[in-house]
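>>> Next one to model:
(chains A, B, C, D, E and F)
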Protein chains: 4
Amino acid sequence: MDTEHDKTTAVGRPRSQKAYEAVMKAALDLLKSGGYPSLTMEKIAKEAGVGKPTLYRWWPGVPFIVMEALKLHVNTEIGLPDSGHLKSDVREYLSRTFRSLLEGMDEIVCSLMAEAQFNPEFAAAFRDNFIFSRRAALIRLLERGQQRGELPEDADLELIADLCYGSMWYRLLNRHSTLEDPFVDNLVSYLFDSPRPKN
Amino acid sequence: MDTEHDKTTAVGRPRSQKAYEAVMKAALDLLKSGGYPSLTMEKIAKEAGVGKPTLYRWWPGVPFIVMEALKLHVNTEIGLPDSGHLKSDVREYLSRTFRSLLEGMDEIVCSLMAEAQFNPEFAAAFRDNFIFSRRAALIRLLERGQQRGELPEDADLELIADLCYGSMWYRLLNRHSTLEDPFVDNLVSYLFDSPRPKN
Amino acid sequence: MDTEHDKTTAVGRPRSQKAYEAVMKAALDLLKSGGYPSLTMEKIAKEAGVGKPTLYRWWPGVPFIVMEALKLHVNTEIGLPDSGHLKSDVREYLSRTFRSLLEGMDEIVCSLMAEAQFNPEFAAAFRDNFIFSRRAALIRLLERGQQRGELPEDADLELIADLCYGSMWYRLLNRHSTLEDPFVDNLVSYLFDSPRPKN
Amino acid sequence: MDTEHDKTTAVGRPRSQKAYEAVMKAALDLLKSGGYPSLTMEKIAKEAGVGKPTLYRWWPGVPFIVMEALKLHVNTEIGLPDSGHLKSDVREYLSRTFRSLLEGMDEIVCSLMAEAQFNPEFAAAFRDNFIFSRRAALIRLLERGQQRGELPEDADLELIADLCYGSMWYRLLNRHSTLEDPFVDNLVSYLFDSPRPKN
DNA sequence: TATTAAGCGAGACGGTACGTCTTGTCTTGGA
DNA sequence: TCCAAGACAAGACGTACCGTCTCGCTTAATA
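Numbering: from 1, shown residues only, chains lettered A, B, ... in the order given. Model prediction:
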């Protein structure tokens, strides 16, 4: 798979692969050393040995660069498990998703979610890339279970998906506990196991 | 109990109530007209007719002012319902909580959550005031239900609370649906009603 | 000699002598430790343990306080020598004047001269106290010598006085040499001794 | 020889001549309308339609800008007269120097001298540009006269130069008389003509 | 092979907000 | 009535980034 950052127009000097890689590396290095809020276009340009106009030619701002660097870093292809059992599929899928975000990337991911609150243009890109795609995949998983009869026909799948990802983000954003496997187990158990309280 | 912004030291000129109110009003006005990202200390000072040092004397930065203005605006005392039934108590409590945030305040609330990702000093204050206090109240409600036998003795109350607030925040932050009463009803139903899927 | 800073109106609480002395001491201490440019009303007030309004009640600003402190510090009464000889009187008078300014006070004196360029209100006070009074005394000395026949009847005494003080200030302000006694000797010799160059 | 404000590094965007000229013009305009003490970096930036960082990129502060504007305004090249006669050369040179400063520029010049008392960094630049260069030129004139025998071999030329410029600055700074030609005539006469008082 | 259009680095530009500092005025309660 | 303490409105300070611009230099496909 080639990195598809091209917009080349076939004539004139082609985009510099070296500059692209330097920018990605600089972004990750600076993120590690100073955290997202200290990241600026100016610092990235200097660290990468790249001119500011080059940055602005290819990215509209800091969060777009960070998102791209993050996508390179986390192997973005998760794949839908298909064991034939809803609960274990969901457990597997969530476990993979959470892990992919938590190899030291959690602060960065939170920063991008935060940035999305301030920057509508970025919000659209971020949600497409990181939020809605994963949510849609989870819903597809749930649909498969529903078709197998593992969920009632009138189950609100969107709600279930929001419960999964919502609790994850809530814990991430407020830092009040971790997202290790026991959390996933408890979550899946609570959402899919009987018995429920009888009211 | 009235919100006491004092810290006054009894000696010297007392804090100006007029300036305080002008700042709160200016913050809300500017939020309405331009949104959180356009809010700056400088604009607040100018709009309120107040010197910048006065702002910095009482607040460390923009988000602290916004949080205080928000607390004045949303009547922060929600009170724990106590009908004797877990499900209706939770429904009532969540419904009130969500409503208090959604009278046009949702963007501001999201902005504060975002700000908390960048600003650790503010994060502590914000979580104490807006996140953990509500979460703790909900857990108290769940404990009452648990003592009544409406939840299993080994139920993970923290998980349940995170499911409630997590799904709310997830929808808020990603803007993909509303938090009206039907959502609360579905949420409470799913979390507390049988039947569950049999695995 | 009493310090004549009074404006007491006989009724109400009298001016605090303690506060006055604390202000003078604080001004001199701060001058020694940080130099004139670092002096502010605020620091003087804090150092003296005095309220800012008290300062403003008695002095219009920093340079007035410094000038008053300086007058306390340099014994301002120089007295006109009267040996019967113009040259030695002038030498004696200039030597005393210069010495009184140069016991570590030269930077402060230059600062006041500088301040007078920016602050017309202070300029008037400063010139009356430090410039014109000394210049007038020197001219009186020259007049005595003129009456004794030691200077031509048409000599421009103002010019001679300006040559004396001017060269002093020029050296002070530009720091390019000192004002020790050899300078006074050379100055007086050049101004009052034959032979002159014949043109 | 044109005044070269460049320091340009040949790489990157070259310095904007337009901005430079706008700053010089703004500084002079503001000096005329409000005087030196009211001049601030902020006002110059606004008046010139220039960003503050541009100002700080090229000048360390207000007095440096003023000095540069002043140099543009007074044709700084005076040239050493050489009539073969010390007295008339000195008279000519002083007369030109004084006139160049006094076409409405005297307040500004005094302000710079004052500023030099507070700001050591500026003091060095100011003295190099305005004080010591002129003083050195005058001393060169005196040396020529001395070589011609118009001054004694042991004459203190530095003292004579300080008498000339000192009396000028003393009158300028204290505003007690003008520097018109009669002053120059009297000064030169007194310094270089016999008869002297016999002591 | 020569042309040429686009990408590149460097860095200056006009702006805006930052958080601090000082000014001179005011408003308290205590002496 | 004066004092200390200190809050207040005003506004300049010097810095950091923003996103745009103007340079002169590659670079590689095209003519």
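
>>> use CA for all of it now, contacts and neighbours both
OK.

>>> Relative to chain C, which residue of chain A is the closest?
A:Ser38 (33.6 Å; Cα to the nearest Cα).

>>> And for that residue, the neighbour number?
A:Ser38: 11 surrounding residues under other Cα atoms under 10 Å in any protein chain shown.

>>> For it, list the residues it contacts.
Counting by Cα atoms under 8 Å, 6 or more residues apart in numbering or on different chains, A:Ser38 makes contact with A:Leu31.

>>> Spell out which parts of chain A neighbour DNA strand E.
A:8-9, A:11-17, A:19-20, A:46, A:49-54, A:57 (Cα under 7 Å from any atom of the strand).

>>> what do you get if the cut-off is 10 Å, keeping everything else the same?
Applying Cα under 10 Å from any atom of the strand, we find that chain A lies next to DNA strand E at A:6-23, A:42, A:45-58.

>>> Please convert the buried members of those into PyMOL selection syntax.
Command for PyMOL that selects the buried part of the residues of chain A next to DNA strand E, burial taken from 16 or more other Cα atoms under 10 Å in any protein chain shown:
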select buried, chain A and resi 19+20+22+23+45+47+48+50+55
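
>>> and DNA strand F, which of the residues of chain A next to DNA strand E reach it?
A:9-17, A:42, A:45, A:51-57.

>>> Looking at these, which are in helices?
Secondary structure assignment by DSSP state H places A:Gln17, A:Glu42, A:Ala45, A:Lys52, A:Pro53, A:Thr54, A:Leu55, A:Tyr56, A:Arg57 of these in helices.

>>> Same list, the residues you listed, but as a markdown table with pLDDT and distance to A:Leu72 please.
Formatted as a markdown table, these follow (pLDDT from 0 to 100; distance: Cα to Cα, whole Å):
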| residue | pLDDT | distance to A:Leu72 |
| --- | --- | --- |
| A:Gln17 | 90 | 15 |
| A:Glu42 | 95 | 22 |
| A:Ala45 | 95 | 19 |
| A:Lys52 | 95 | 22 |
| A:Pro53 | 93 | 23 |
| A:Thr54 | 94 | 20 |
| A:Leu55 | 96 | 18 |
| A:Tyr56 | 95 | 20 |
| A:Arg57 | 93 | 20 |
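
>>> Identify the farthest-apart pair in the residues you listed.
Maximum pairwise distance in these, criterion Cα to Cα, is 19.9 Å, between A:Gln17 and A:Glu42.

>>> quick one, phi/psi of the spatially most central residue of chain A?
Central residue of chain A (Cα atoms, centre = their mean): A:Phe130, 3.6 Å from the mean position. Torsion angles at A:Phe130 (phi, psi; degrees, to the nearest 10) stand at phi -120, psi -30.

>>> what pLDDT does it get?
Looking at A:Phe130, its pLDDT stands at 91.

>>> cool, A:Met105 as well?
Value for A:Met105, per-residue pLDDT: 89.

>>> now do A:Phe98
So, for A:Phe98, pLDDT stands at 86.

>>> Which helix or strand contains it?
Assignment of secondary structure by DSSP states H and E places A:Phe98 within helix A:86-101.

>>> now A:Val109
Assessed by DSSP H and E, A:Val109 sits inside helix A:106-118.

>>> Just after that helix, pick out the following helix or strand.
Remark: after helix A:106-118, the chain's next helix or strand is helix A:120-126, criterion DSSP H and E.

>>> Which of the residues in that next one are classified as buried?
Applying 16+ other Cα under 10 Å to helix A:120-126 flags A:Phe122, A:Ala123, A:Phe126 as buried.

>>> now swap in stretch A:63-79 and tell me
In stretch A:63-79, counting by 16+ other Cα under 10 Å, buried: A:Pro63, A:Phe64, A:Ile65, A:Val66, A:Met67, A:Ala69, A:Leu70.

>>> Enumerate the residues of chain A near chain B.
Those residues of chain A that sit near chain B, judged by Cα under 8 Å from any Cα of the partner chain, are A:36-37, A:85, A:87, A:110-111, A:113-115, A:117-118, A:127, A:150-152, A:156, A:159, A:162-171, A:173-174, A:186-187, A:191-199.

>>> filter the residues you listed to the buried ones?
Buried among the residues of chain A next to chain B by 16+ other Cα under 10 Å: A:36, A:87, A:110-111, A:113-115, A:117-118, A:127, A:150-151, A:159, A:162-171, A:173-174, A:187, A:191-193, A:196-197.

>>> what does stretch A:173-193 contact?
Outside stretch A:173-193, the residues that touch it by Cα under 8 Å, 6+ apart are A:87, A:90-91, A:94-95, A:98-99, A:110, A:160, A:164, A:168, A:171-172, B:113, B:117, B:127, B:156, B:159, B:191, B:196-199.

>>> first vs last residue of that stretch, how far apart are they?
Start and end residues of stretch A:173-193 are separated by 27 Å (Cα to Cα, to the nearest Å).

>>> can you check stretch A:48-57 too?
15 Å.

>>> OK, contacts around A:Arg171?
Contacts of A:Arg171 by Cα under 8 Å, 6+ apart are A:Ser177, A:Thr178, A:Leu179, B:Asp162, B:Gly166.

>>> and the second one, which of the three is it?
Classification of A:Thr178 using DSSP: H, G, I helix; E, B strand; the rest coil returns coil.

>>> Check it and give its pLDDT.
If you check A:Thr178, the pLDDT there is 80.

>>> The fourth one now?
In the predicted model, B:Asp162 carries a pLDDT score of 97.

>>> you'd agree it is up against A:Ser167?
Yes: taking contacts as Cα atoms under 8 Å, B:Asp162 lies within contact range of A:Ser167: 5.3 Å.

>>> Give me the contact status of stretch A:53-71 with chain D.
No: on the criterion Cα under 8 Å from any Cα, stretch A:53-71 is out of touch with chain D, staying 12.1 Å away.

>>> tell me the contacts of the residue of chain A found nearest chain D?
Closest to chain D within chain A is A:Gly51: 10.2 Å, counting by Cα to the nearest Cα. A:Gly51 makes contact with A:Ala45, according to Cα under 8 Å, 6+ apart.

>>> now it: how far from A:Lys43?
11 Å.

>>> Kindly report the same for A:Lys25.
A:Lys25 sits 12 Å away from A:Lys43, going by Cα to Cα.

>>> Also A:Met168?
Taking Cα to Cα as the measure, A:Met168 and A:Lys43 are separated by 32 Å.

>>> Then A:Lys18?
For A:Lys18, the distance to A:Lys43 (Cα to Cα) stands at 18 Å.

>>> backbone phi and psi for A:Ser83, please?
Dihedral pair for A:Ser83: phi -90, psi -10, per degrees, to the nearest 10.

>>> and the closest residue to it other than its chain neighbours, what does it touch?
Closest residue to A:Ser83 apart from its sequence neighbours, by Cα to Cα, 6 or more residues apart in numbering or on different chains: A:Asp89 at 6.1 Å. Neighbouring residues of A:Asp89 by Cα under 8 Å, 6+ apart: A:Leu80, A:Pro81, A:Asp82, A:Ser83, A:Leu141.
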